[in-house]
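K.L.:
take this sequence and fold it.
(chains A and B)
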Amino acid sequence: MKIIIAIDDSPFSERLLETVVRRHWAPDTQFKLLNVVEPFCVDEDEEREYNTIFNEVFVRRKEHAATMCAEARKRLETHIEQCHVHYDIRQGDPKQQIIQAAIDWDADRILIGAHGREICPHNLLGSVSRSVASHAPCTVEIVRPKVTRREEKVASSLCRQV
Amino acid sequence: MKVLIAVDDRAIASRIADFVTRHNWTPASDFKVLTVVEPLLVGSYMSVFPAPMLSELRQDMLSKGKELVRYVALALRDSFNSTRIEEEVLEGNPKESIVRCARDWGADVIVVGSHGRHGLERLMLGSVSMAVASTAPCSVIVVRPDFLKHAEDECAHEQVSQVKELVP
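P.N.:
The predicted model follows:
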């Protein structure tokens, strides 16, 4: 079984990993931690001062992604028995890159966080998750912690106030 | 763990059943197989049909739903040897009913098929799956049938060639 876990640096990814760790997995499940770093729109024609700064930021974000994935990998390896974890950091559009990664690796499943919960209870799916669920070549699981009635009431009343 | 399995189509239901039986669930999981029968929306033409005919049609749809749910539940019972498999047929709007059922029952995860049944939705994520994925109070697994992958390619190819014919 080949499973892609799409993560970023949001709290939703933290919850996603928490859920993955608590689940039961068949022995010899292969996990690919996938992080997509979006490049800035850099003006390539002109030599501008901000181009170098943008590049610097981009490089640092990639380094940050690597440390984040390494931590997540350690976490999976300690909590899940007999699993193989590796990570992949891609650059480009997250929607396209996640789907491309699934095609390239011939994944059986993509796990992705739902996003959007804190903002409004009626828009509970981020655009990346939505796009991946629509276009992926394999089964997609949108991972979301179970919501209790009380939490839901609080969320909807907050939304009304906004 | 409470797993809600929403099915609507025989072909896709068997694929979903296949996925659920192969998945490694937590021991002692509860399953509920659900199908939602949409009410007949004949609107202003309602009076054209005799009432007994409509109620007969409704009964027919409900019994078809029951059959489908039983079929999936049987497949699950075969491989899980568990009695904790409930069957349910609801009437109403599928998008709302699935989410409401998940909430009332306290489901941890909802399993739905990926494909719509009408028009272009056959090629894309169905509107019901999308709505459930957006509004569910828990995780959602969108199962993509393997056989559709092939059909999709063929269909896409066919459509491209049709478009090519239209464009001189």
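K.L.:
drop to CA atoms for contacts and neighbour counts, all remaining ones
P.N.:
Noted.
K.L.:
who touches B:Leu4 in this structure?
P.N.:
If you count contacts by C-alpha atoms under 8 Å, 6 or more residues apart in numbering or on different chains, B:Leu4 has them with B:31-34, B:102, B:107-111.
K.L.:
could you check the distance from it over to chain A?
P.N.:
According to C-alpha to the nearest C-alpha, to the nearest Å, B:Leu4 and chain A sit 13 Å apart.
K.L.:
just the contacts of B:Leu4 that are near chain A?
P.N.:
Contacts with chain A are made by B:107-108 out of those, judged by C-alpha under 8 Å from any C-alpha of the partner chain.
K.L.:
what parts of chain A come near chain B?
P.N.:
Contacts of chain A with chain B, taken as C-alpha under 8 Å from any C-alpha, map to A:23-26, A:121-125, A:130, A:133-135, A:137-148.
K.L.:
which one (most neighbours) among the contacts of B:Leu4?
P.N.:
When neighbours are counted by other C-alpha atoms under 10 Å in any protein chain shown, B:Leu34 leads those with 27 neighbours.
K.L.:
look at residue 138 and say how many residues are nearby.
P.N.:
Because you didn't say which chain, this covers chain A. Neighbour tally, A:Cys138, other C-alpha under 10 Å: 23.
K.L.:
that's the wrong chain, I wanted chain B
P.N.:
Number of residues near B:Cys138 (other C-alpha under 10 Å) recorded here: 24.
K.L.:
quick one: contacts for residue 145?
P.N.:
Picked chain A for this. Residues near A:Pro145 by C-alpha under 8 Å, 6+ apart: A:15, A:19, B:137-139.
K.L.:
ah, no, chain B please
P.N.:
Here B:Pro145 is in contact with A:138-139, B:12, B:15-16, B:113-114 (C-alpha under 8 Å, 6+ apart).
K.L.:
three-state assignment of residue 141?
P.N.:
Unless you meant another one, I'm taking chain A. Look at A:Glu141: counting by DSSP: H, G, I helix; E, B strand; the rest coil, its state is strand.
K.L.:
wrong chain, I was asking about chain B
P.N.:
Secondary structure, three-state DSSP: B:Ile141 is strand.
K.L.:
setting aside sequence neighbours, what's the nearest residue to it?
P.N.:
Distance criterion C-alpha to C-alpha, 6 or more residues apart in numbering or on different chains; nearest residue to B:Ile141, sequence neighbours excluded, is A:Glu141 at 4.0 Å.
K.L.:
that neighbour and B:Val36: what is the separation?
P.N.:
In this structure, A:Glu141 and B:Val36 are 22 Å apart, going by C-alpha to C-alpha, to the nearest Å.
K.L.:
pick out whichever of these two has more residues nearby.
P.N.:
Legend: neighbour count by other C-alpha under 10 Å for A:Glu141 and B:Val36, higher for A:Glu141 (26 against 22).
K.L.:
and that one, what does it touch?
P.N.:
Contacts of A:Glu141 by C-alpha under 8 Å, 6+ apart are A:109-112, B:139-142.
K.L.:
in chain A, where's the longest helix?
P.N.:
helix A:49-79 (DSSP state H).
K.L.:
okay, the contacts of A:Glu141 in JSON lines with distance to B:Pro27 next?
P.N.:
Below are these laid out as JSON lines (distance: C-alpha to C-alpha, whole Å):
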{"residue": "A:Arg109", "distance to B:Pro27": "21"}
{"residue": "A:Ile110", "distance to B:Pro27": "23"}
{"residue": "A:Leu111", "distance to B:Pro27": "21"}
{"residue": "A:Ile112", "distance to B:Pro27": "24"}
{"residue": "B:Ser139", "distance to B:Pro27": "18"}
{"residue": "B:Val140", "distance to B:Pro27": "19"}
{"residue": "B:Ile141", "distance to B:Pro27": "19"}
{"residue": "B:Val142", "distance to B:Pro27": "22"}
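K.L.:
that concludes my questions; thank you for your assistance.
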